[in-house]
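Participant: mind folding the following:
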Amino acid sequence: MNHTHRKMKKKLDFRPEDSILDVSSGTGLMAEAIINKSGPFKRYVANDPSTKMQEVAKYRLRYKENVEFTGYFAEKLPFEENSFDHIICINAFHYYVDQPAALAHFRRVLKPEGNLWVLNWNRVGTFKIANWIIKTLSAENINTPSVGEMKKMLTEQNFTIKDEETWGYWWWKFFFLKCN
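Facilitator: Numbers count the residues shown, from 1 in each chain. Alright, predicted model coming up:
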């Protein structure tokens with residue numbers, strides 16, 4: 001996780017007047033780093049459907065200003081249209097059951113000039129084998145797209161790719177995409 005968090009922090013570019021949706025914030029570790037670097041923000045929503053992770057995030061971010069906690073699935077975000085300047089999705093997209101629906105919700109709640117920042121596993125090369133093992137052994141939904149599949153889904157939801165990077169870390173493969 002530290003490796004992907006360092007990579008994402010280098011990419012992100014936020015201002016205090018921004019409204020941010022951290023769509024799968026987990027324990028709030030990335031949220032804490034983002035807020036420490038560029039916040040406080042006009043609005044920071046730390047969303048995660050896991051109540052156990054939310055508890056840790058609430059404790060970790062207890063002294064941070066303008067942070068809201070929600071527990072929605074990415075495929076069912078109830079926020080108003082055009083609510084956020086930025087949406088962050090790090091190390092989580094492969095868990096979403098209905099990935100096109102999640103992207104449609106991202107599109108709906110993102111402001112017209114807003115950015116979607118995605119960092120996820122990349123199902124390519126030898127990682128296809130590792131991903132199959134993880135998927136087989138995990139009780140959770142694992143549906144890891146390749147970067148090509150992800151770009152196709154984003155294009156179908158009218159996102160434009162502004163920045164992309166792929167890399168490996170040991171035998172793991174990752175991709176980063178910035179879209180608006």
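
Participant: tell me what the residue nearest in space to the middle of the chain is bridged to.
Facilitator: Centroid-nearest residue in the chain, with C-alpha atoms, centre = their mean: Cys89, separated by 0.5 Å. Under DSSP bridges, the beta-bridge partners of Cys89 are Val118.

Participant: quick one: least confident helix or strand in the chain?
Facilitator: In the chain, no helix or strand scores lower on mean pLDDT, DSSP states H and E than helix 127-137, which sits at a mean of 76.

Participant: in the helix or strand following that helix, what's buried?
Facilitator: For helix 127-137, the succeeding helix or strand toward the C-terminus, using DSSP states H and E, is helix 147-156. Neighbour counts over helix 147-156 (16 or more other C-beta atoms under 10 Å) mark Val147, Met150, Lys151, Met153, Leu154 as buried. From N, CA and C alone the C-beta is placed, and that goes for glycine too.

Participant: state the mean pLDDT of stretch 104-118.
Facilitator: Stretch 104-118 comes out with an average pLDDT of 97.

Participant: still on that earlier bit, CSV for the buried residues of helix 147-156, including pLDDT?
Facilitator: Below are the buried residues of helix 147-156 laid out as CSV (pLDDT from 0 to 100):
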residue, pLDDT
Val147, 95
Met150, 95
Lys151, 97
Met153, 96
Leu154, 97
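
Participant: going by distance to Ser19, which of those wins?
Facilitator: Nearest to Ser19 among the buried residues of helix 147-156 is Leu154, at 21.2 Å by C-beta to C-beta.

Participant: any residues touching the host helix or strand of Tyr44, and which ones?
Facilitator: Element membership of Tyr44, judged by DSSP H and E, is strand 43-47. Strand 43-47 has contacts (C-beta atoms under 8 Å, 6 or more residues apart in numbering) with 19-25, 28, 31, 34-35, 54, 57, 61, 64, 66-72, 77, 79, 84.

Participant: avg pLDDT for whichever helix or strand comes after that strand?
Facilitator: Later in the chain than strand 43-47, the nearest helix or strand by DSSP H and E is helix 51-60. Helix 51-60 shows a mean pLDDT of 96.
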